[in-house]
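Asks: Quick one, fold the following:
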Amino acid sequence: MTVPFIPEGFQPHTRRSGLTDPWEPIYSKRCSDGLSLGLRAGQAHTNSRGFVHGGLISALADNAMGLSCAQRLAAASGLVTVNLNVDFLGTASIDQWLEVRATTIKTGRSLCFAEAVILADNTPCARASAVFKVISN
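Replies: Below is the predicted model:
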């Protein structure tokens, strides 16, 4: 069995949840303005047509954008998604590297804004934006 190529800088993502467990392994990479999540697309990630499911793309985008905001908000105890928009620009298929590159746009005392581009082998397949409610300690 060959080990799939994982791009440089990505490490196994340590923040797991019941929702994302079936999609493992998921990888992450921190940047100064955000966080990227990535995975090698497999059968478990696809719909009946063989494309990566839009629900998976949406969930990973929500996760990456929320984590990007959280790394900029030391005083917050958590974030709750208020609004999530996803525009699908193309498709992602089995064996492609799916990467969600999230960027924090603005943080405030009560709201945080982020955006993401979702790439399949470095080709945009979706874009997303979100607003999060900041939960204070």
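
Asks: can we go C-alpha only for contacts and neighbour counts from here?
Replies: Will do.

Asks: Now Asp62: phi and psi?
Replies: With angles defined as degrees, to the nearest 10, Asp62 sits at phi -60, psi -50.

Asks: burial count for it?
Replies: Look at Asp62: counted by other CA atoms under 10 Å, it has 27 neighbours.

Asks: in this structure, which spans are strands?
Replies: Secondary structure of the chain, counting by DSSP state E: strands at 11-12, 27-31, 34-40, 76-88, 97-107, 111-120, 123-136.

Asks: Indicate each strand paired with the second one and its parallel or antiparallel sense.
Replies: The reference is to strand 27-31. Sheet pairing of strand 27-31 (DSSP bridges) gives strand 11-12 (antiparallel), strand 34-40 (antiparallel).

Asks: now, of these, which is deepest in the fold?
Replies: strand 34-40 (a mean of 24; mean count of other CA atoms under 10 Å).

Asks: How far away from the center of its chain is that strand?
Replies: Centre-to-centre, strand 34-40 and its host chain are 6 Å apart (CA atoms, centre = their mean, to the nearest Å).

Asks: Equivalent analysis for stretch 48-64, please.
Replies: With CA atoms, centre = their mean, you get 9 Å for stretch 48-64.

Asks: Touching that stretch from outside, list them.
Replies: Residues from elsewhere that reach stretch 48-64 (CA atoms under 8 Å, 6 or more residues apart in numbering): 35-37, 41, 43, 45-47, 81, 84, 86, 88, 91-94, 100-102, 116, 118, 128, 130.
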